[in-house]
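Visitor: I would like to see how this sequence folds:
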Amino acid sequence: MIPTWRLRAAFARRLSDMYGTEVPAYTTLLEVSAQVNDEVISMDGDAGRLGGIERVTAERHGAIRVGTAREMRQAAQVFAALGMEPVGFYDLREASASAVPVVSTAFRPIEAAELERNPFRVFTSMLTTADRRFFDAGLEARLESFLARRELFPPELLDLAARAEREEGLDEAPAMRFLTLAVAAFELSPEPVDRAWYTELERISAVAADIGGVTSTHINHLTPRVLDIDELYRRMAERGITMIDRIQGPPRWEGPDVLLRQTSFRALAEPRRFREPDGSVAAGSLRVRFGEVEARGIALTRSGRALYDELIGEPAGVWTGRFPRTEHQLAVQEKAFFRYEPEESRPGDGRRPPEDLAGLLDGGWVSAHPIVYEDFLPASAAGIFQSNLTDEGTRDTTVTGAHYDRQRLAGVLERTVHDPFDLYAAQQDSSLRQARRALGLSKDTS
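Guide: Residues are numbered from 1 along each chain as shown. Next up, the predicted model:
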């Protein structure tokens, strides 16, 4: 039996190999990321506080796009076989100035131990075909009809995925077959693209065309993690690879790394075949796939996130004046999530530990270890989408958009969509209870 986490790790490796073959610049991105990570670790012995080098080097997140609720449920089944559950709701329609008619979630492991084993994530977006700001009733009907005729995930793959979820793994032969089918489902299809149909959708949104203008899905980007994204950005540019205009997320500043910083190289012109209105097939190209890279920081609490949202877009100097400048301040002000452990090396002085967290930290009774942010930022995701578009598309701002939220997406998926704040809080609270028990402060054994 190959357990779930090994299936996930194997899938991530195979997907990375496939994508490197399809997009050679991605291989360059991996090489530069590895170089930067090795150098950072060798110079900064504390860099591993946000993940050891083995985890950081293996870490990836992918991104795919689907067209319908049915396709979204099927994608969820494939990822469930890998121990990945939907976490978070992201409305990129509202986060982007360009026409990006999708709502998204991220499939990932949710248990700390599983994240340590392999933290693979897939940011998955679904086209909102009923949103009248982008699609009128006639185009919606034709789009839905087109999407209903295609098959992204073959029945054999879905059957194996359901079995893997149910049995928490697969025997070797079915596991290899599952991995082969799963990776193939995300390969770029050689089938010709209907030029007239693709162009009609592209006038509304390049993202809509990439989803609904083709007969398959594909990996849009596969993202490694780097420990110094500013240095990576500089080195990629030195190699002649055109990067987007800036790094998305918080600025580089003197304080702790928080949440997520992302950038990418620009979408490359990839050869594709097009079917013309007269039935002939001609060569052409599309720019839809790009190379993203990310630097992850500490997960913020709701109050920390509210402060972050106030400051995003402000220069580093403003952050220095308003945002907690140390991990200790983040912890005592409850602006970020930490895992707490009793400090066994503290010399005994006959005093009883205080009850409050600030007292425990200030007195050296417990140590705080940052919890890595495992999720995404809608403004950053939309910023990268937008930076890689050649046209802003169109939207009718005189009509109301279709309503989506986390609860509605859960109904689409027929699965719980986890609130990321709840997941971080549960991890922090569990560690703090254990630390308090070890210090004799609580009889709670939950």
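
Visitor: Quick check: which element contains the residue most central in space within the chain?
Guide: In the chain, the residue lying closest to the centroid (Cα atoms, centre = their mean) is residue 123, at 4.5 Å. Using DSSP states H and E, residue 123 maps to strand 121-127.

Visitor: Off-centre distance for that strand?
Guide: Its chain's average C-alpha position is 8 Å from that of strand 121-127, according to Cα atoms, centre = their mean, to the nearest Å.

Visitor: what do you get for stretch 112-124?
Guide: With Cα atoms, centre = their mean, you get 10 Å for stretch 112-124.

Visitor: gap between the residue nearest to the centre of the chain and residue 363?
Guide: Using Cβ to Cβ, to the nearest Å, residue 123 is found at 42 Å from residue 363. (C-beta placed from N, C-alpha, C; glycine too.)

Visitor: Phi, psi for the residue of the chain most remote from its centre please.
Guide: Computed with Cα atoms, centre = their mean, the maximum C-alpha offset from the centroid of the chain is found at residue 350, amounting to 47.9 Å. Dihedral pair for residue 350: phi 80, psi 0, per degrees, to the nearest 10.

Visitor: What of residue 3?
Guide: Note on residue 3: backbone dihedrals following degrees, to the nearest 10 are phi -70, psi 170.

Visitor: Just list whatever residues bridge to it.
Guide: For residue 3, the beta-bridge partners under DSSP bridges are residue 169.

Visitor: Burial check on it, number of neighbours?
Guide: 15 (other Cβ atoms under 10 Å).

Visitor: Could you list the low-pLDDT ranges of this structure?
Guide: Within the chain, the segments meeting pLDDT under 70 span 45, 47, 385-391, 442-446.

Visitor: hmm, 50 instead?
Guide: 445-446 (pLDDT under 50).

Visitor: Residue 242: how many residues sit nearby?
Guide: The number of residues packed near residue 242 is 11, by other Cβ under 10 Å.

Visitor: and it, backbone torsions?
Guide: Phi and psi for residue 242, reported as degrees, to the nearest 10, are phi -80, psi 120.

Visitor: Now do the contacts for it.
Guide: Each residue near residue 242 by Cβ atoms under 8 Å, 6 or more residues apart in numbering is listed here: 265-266.

Visitor: what do you get for residue 85?
Guide: Applying Cβ under 8 Å, 6+ apart, we find residue 85 in contact with 79, 107-110, 415-416, 418.

Visitor: what's the answer for residue 289, then?
Guide: When contacts are counted by Cβ under 8 Å, 6+ apart, residue 289 is found next to 22-23, 188, 218-221, 267-268, 270.

Visitor: Just confirm it is within a strand.
Guide: No - Residue 289 is assigned coil when assessed by DSSP: H, G, I helix; E, B strand; the rest coil, not a strand.

Visitor: how close does it get to residue 253?
Guide: In terms of Cβ to Cβ, residue 289 sits 32 Å off from residue 253.

Visitor: Strands of the stretch 51-200 of the chain, residue ranges please.
Guide: Secondary structure of the stretch 51-200 of the chain, counting by DSSP state E, counting those that start in this stretch: strands at 60-66, 85-91, 102-108, 121-127, 169-170, 193-194.

Visitor: Who are the packing partners of the first one?
Guide: Contacts of strand 60-66 with other secondary structure elements, assessed using 3 or more Cβ pairs under 8 Å, 6 or more residues apart in numbering; DSSP states H and E, are made with helix 4-22, helix 69-80, strand 102-108, strand 121-127, helix 206-212, strand 221-224.

Visitor: Residue 88: which of those is closest?
Guide: When the helices and strands packed on strand 60-66 are compared by Cβ to Cβ, strand 102-108 sits nearest residue 88, at 5.6 Å.

Visitor: helices or strands up against the closest one?
Guide: Counting by 3+ Cβ pairs under 8 Å, 6+ apart, strand 102-108 packs on strand 60-66, helix 69-80, strand 85-91, helix 92-95, strand 121-127, helix 406-413.

Visitor: switch the cut-off to 7 Å
Guide: Contact here means 3 or more Cβ pairs under 7 Å, 6 or more residues apart in numbering; DSSP states H and E; on that basis strand 102-108 packs against strand 85-91, helix 92-95, strand 121-127.
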